[in-house]
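Trainee: For reference, the sequence and a predicted model appear below.
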Amino acid sequence: DVKVTQSSRYLVKRTGEKVFLECVQDMDHENMFWYRQDPGLGLRLIYFSYDVKMKEKGDIPEGYSVSREKKERFSLILESASTNQTSMYLCASSLSRGRIQGDTQYFGPGTRLTVL
Amino acid sequence: LAKTTQPISMDSYEGQEVNITCSHNNIATNDYITWYQQFPSQGPRFIIQGYKTKVTNEVASLFIPADRKSSTLSLPRVSLSDTAVYYCLVGRGDSNYQLIWGAGTKLIIKP
């Protein structure tokens, strides 16, 4: 089974802090994704990566950056956390670059981030 | 702008068939339609995917009409454990990859 793990289930940070969310997948998948999930808004894509050191902006990249130094690991960075970034953050991976639109995504359990 | 629209919530009873419809009027030729299920405190999980007509697997069926502007997820004989949020996703397959998620349908199954 594909396993996607996220570094924390719950995180509480203060406004202005730099926040790192880590995601690791164990199935040699090429694509990795970061989403945020808010009530009534569903999943919104922040960034995705289709290869090491490659990244593409999603729908809401403002206030976030990402890093993918190794194939299995994809990090989401909040340079200066703000209260409006309080949310559930979900990481996902999928197999191949060639057909992202049809790939099955495998999700981690999520990190609930609260920014005070 | 591409958009997927689905009902916010639905109720049904154990043993019934449940149909959840997603509208995606601006779907393009290379786009795929995928449905995911999410339980509380978990990430979404793949249920079924289709491109056109009908697809069936061991847990659900997916009906897509010829114009592909909507799709219907069908869950046969639901049980209490099917209570979850169901998401419709349109994956855009042109040069600019887009993943267009619906806002989710909260399905509550009653005994």
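Mentor: Yep, that arrived.
Trainee: So, low pLDDT: which residues of chain A?
Mentor: Applying pLDDT under 70 to chain A flags the ranges A:1-2, A:97-101.
Trainee: Name the helix or strand for the spatially most central residue of it, please.
Mentor: Centre of chain A computed as the mean C-alpha position; nearest residue by C-alpha atoms, centre = their mean is A:Trp34, 2.4 Å away. Using DSSP states H and E, A:Trp34 falls within strand A:31-38.
Trainee: Now do that strand: everything it contacts.
Mentor: Under the criterion C-beta atoms under 8 Å, 6 or more residues apart in numbering or on different chains, residues A:21, A:23, A:25, A:43-50, A:58, A:60, A:64, A:66, A:68, A:74, A:76, A:85, A:87-97, A:100, A:103, A:105, A:110, B:99 lie in contact with strand A:31-38. Backbone N, C-alpha and C define where each C-beta goes, glycine included.
Trainee: starting at the chain centroid, how far to that strand?
Mentor: A distance of 4 Å separates the centroid of the chain from that of strand A:31-38, by C-alpha atoms, centre = their mean, to the nearest Å.
Trainee: which neighbours does it have in its sheet, and in what orientation?
Mentor: strand A:42-49 (antiparallel), strand A:87-94 (antiparallel) (DSSP bridges).
Trainee: Highest mean neighbour count out of these?
Mentor: Across those, averaging neighbours per residue (mean count of other C-beta atoms under 10 Å in any protein chain shown) puts strand A:87-94 on top, at a mean of 24.
Trainee: which secondary structure elements does the following helix or strand past it contact?
Mentor: Next helix or strand after strand A:87-94 toward the C-terminus (DSSP H and E): strand A:106-107. In terms of contacts (3 or more C-beta pairs under 8 Å, 6 or more residues apart in numbering or on different chains; DSSP states H and E), strand A:106-107 is packed against strand A:87-94.
Trainee: Residues in contact with the strand it packs on: which ones?
Mentor: So strand A:87-94 is in contact with A:2, A:4, A:6, A:21, A:23, A:25, A:27, A:29-38, A:43, A:74, A:76, A:100, A:103-108, A:110-113, B:43-44, going by C-beta under 8 Å, 6+ apart.
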